[in-house]
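J.: What follows is a predicted protein model with its sequence.
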Amino acid sequence: MSEVISIRFEGMTPTQYDTLRGIVRWDTDAPEGMRVHIATFVDGALCMTDVWDSAEQYAQFAQTRIGPGLAQAGIEGQPESTVGPAHEVWLDSADDDTAGNKVVFQ
């Protein structure tokens, strides 16, 4: 069953997020098990929602790549996070040729 990771990191700016992404490279060197990553900024905080194959894979990624990346970027603070099993994750394909197709993680 997939796990949903929700993170709120108070005070992180879009510039800091982009710097961290450049260091950690989750977009070009995706960690095993990460299926979906969504990031937005709300009321002065980074808010992320990820879908992972397992919470253990996320924890390994956070420990071996995110933590060192935060240190390298000089980003201080600790995010609030919650982890729980996905009840449903539904993504529309957004391709007109395959309208109605969906990707579901369970």
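T.: Yes, it's here. Numbers count the residues shown, from 1 in each chain.

J.: What residues sit buried inside the helix of greatest length in the chain?
T.: Using DSSP state H, we find that the single longest helix of the chain is helix 14-24. The neighbour-count check on helix 14-24 (16 or more other Cβ atoms under 10 Å) flags 16-17, 19-21, 23-24 as buried. Placement of C-beta: from N, CA and C, glycine included.

J.: Check the offset of that helix from the chain's centre.
T.: 13 Å (Cα atoms, centre = their mean, to the nearest Å).

J.: Measure how far stretch 54-72 is from the centre of its chain, please.
T.: 11 Å.

J.: Determine how far the last residue of it lies from the first.
T.: Stretch 54-72 has its terminal residues 26 Å apart, counting by Cα to Cα, to the nearest Å.

J.: what does stretch 7-15 give?
T.: This stretch, stretch 7-15, spans 18 Å end to end (Cα to Cα).

J.: So which bits of that stretch are buried?
T.: 7, 9, 12.

J.: And for that stretch, what's in contact with it?
T.: With contacts defined as Cβ atoms under 8 Å, 6 or more residues apart in numbering, stretch 7-15 is touched by 41, 44-50, 75, 77, 79-81.

J.: now it: mean pLDDT?
T.: Mean per-residue pLDDT for stretch 7-15: 97.

J.: Then stretch 66-80?
T.: On average, stretch 66-80 scores 96.

J.: secondary structure element for the spatially closest residue to residue 32 that is not a sequence neighbour?
T.: Closest residue to residue 32 apart from its sequence neighbours, by Cβ to Cβ, 6 or more residues apart in numbering: residue 57 at 6.2 Å. Assessed by DSSP states H and E, residue 57 sits inside helix 55-61.

J.: I'd like the next helix or strand past that helix.
T.: helix 67-73.

J.: Give me the buried stretch members for that next one, please.
T.: For helix 67-73, the neighbour count (16+ other Cβ under 10 Å) marks 69-70, 73 as buried.

J.: and the residues you listed as a markdown table, adding distance to residue 34?
T.: Conversion of those to a markdown table gives the following (distance: Cβ to Cβ, whole Å):
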| residue | distance to residue 34 |
| --- | --- |
| 69 | 15 |
| 70 | 17 |
| 73 | 20 |
